[in-house]
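> Fold the following and give me the result.
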Amino acid sequence: MIRKTAVAAGSVVWLLTTALLVYALFFRRDLFPLAVVLGISFGLLWVVGHVVASVIYRRRAGKFVLSPRFADPLFHERWISGGGEAKMWSRRVGASHCLWAAVLSDRFRVGAMFPFNLMFMPERLGLEYDILAEQITSVSQNQLRSGRVFVSVRFRDEAAEEKQVDLVVRDAQGFVAALRQMSETGSTGTPSQAP
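Below is the predicted model of the structure:
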């Protein structure tokens, strides 16, 4: 609800600002400087409002606002690159050096680092995952043209659809080993820390 309200408010502000600028440009040139100042002010207000709305949304949804710290992760790296399938456009998107990944005893989690998790970016781009051990179907290592190794994790979501997230981590071997260890212990491990 908060997300939809923020998007609707942003659309209204954009329409009003555009209408005011067009009116001032074509019909009342004497109002143009005022229209520019109001346009910039509304733009800044829109950004601040979107940031505040996204923080409220993340807190209510139980998501992390700041980068998480876990008690005993099997693996945890920050400021990594990767990508998944964007929810809005149904195509692959990526993020460069602004994600974190953690393998816990019973789940694998990926999210965007602060401040890249604001303004609903992870939700729009599909860069946030909370995957239980039993949902993972395969893990593989591949190589980029640059020679860097990325790890592909295939899993089934709640709707039983096959999805994939690719991550470029500094310790690919440790990451794969932690995912295998999590899969072996699976649901017998201790529950992971909640946000």
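> Spit out the contact partners of the residue nearest the centre of the chain.
Computing the C-alpha centroid of the chain and ranking residues by Cα atoms, centre = their mean puts P122 first, at 2.0 Å. By Cβ atoms under 8 Å, 6 or more residues apart in numbering, P122 lies in contact with 111-112, 116, 128. Backbone N, C-alpha and C define where each C-beta goes, glycine included.
> how about a markdown table for those, with neighbour count added?
A markdown table is the format used below for the contacts of P122 (neighbours: other Cβ atoms under 10 Å):
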| residue | neighbour count |
| --- | --- |
| G111 | 23 |
| A112 | 20 |
| F116 | 16 |
| E128 | 20 |
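> Can you tell me which of those is closest to F42?
Set against F42, the nearest of the contacts of P122 by Cβ to Cβ is F116 (24.2 Å).
> re the thing from before, let's verify the residue nearest to the centre of the chain: helix, strand, or coil?
Assigned by DSSP: H, G, I helix; E, B strand; the rest coil, the conformation of P122 is helix.
> Let's see which of the contacts of P122 end up in strands.
111-112 (DSSP state E).
> Tell me which two in the contacts of P122 are the farthest apart.
Farthest-apart pair in these is F116 and E128; separation 10.8 Å (Cβ to Cβ).
> Please name the bridge partners of I136.
F155 (DSSP bridges).
> Do you know the pLDDT at it?
In this model, I136 is scored at 88, pLDDT.
> Isn't it up against R154?
Yes: applying Cβ atoms under 8 Å, one finds I136 in contact with R154, separated by 7.3 Å.
> Between these two, point out the one with more neighbours.
I136 (19 against 15; other Cβ atoms under 10 Å).
> show me the contacts for that one.
108, 153-155, 179, 183.
> Scan the protein for its longest helix.
With secondary structure taken from DSSP state H, the chain has its longest helix at helix 32-60.
> Quick check: next helix or strand after that helix?
Moving toward the C-terminus from helix 32-60, the next helix or strand (DSSP states H and E) is strand 75-85.
> For that next one, give me every contacting residue.
Here strand 75-85 makes contact (Cβ under 8 Å, 6+ apart) with 67, 70, 91-103, 110, 113, 126-127, 129, 150, 163-171, 174-175, 177-179.
> coming back round to it: helices or strands up against the longest helix of the chain?
helix 2-26 (3 or more Cβ pairs under 8 Å, 6 or more residues apart in numbering; DSSP states H and E).
> so what does the helix it packs on touch, helix or strand wise?
Applying 3+ Cβ pairs under 8 Å, 6+ apart, we find helix 2-26 packed against helix 32-60.
> before we move on, back to that, narrow the contacts of I136 to just the buried residues.
If you count burial by 16 or more other Cβ atoms under 10 Å, the buried members of the contacts of I136 come out as 108, 153, 155, 179.
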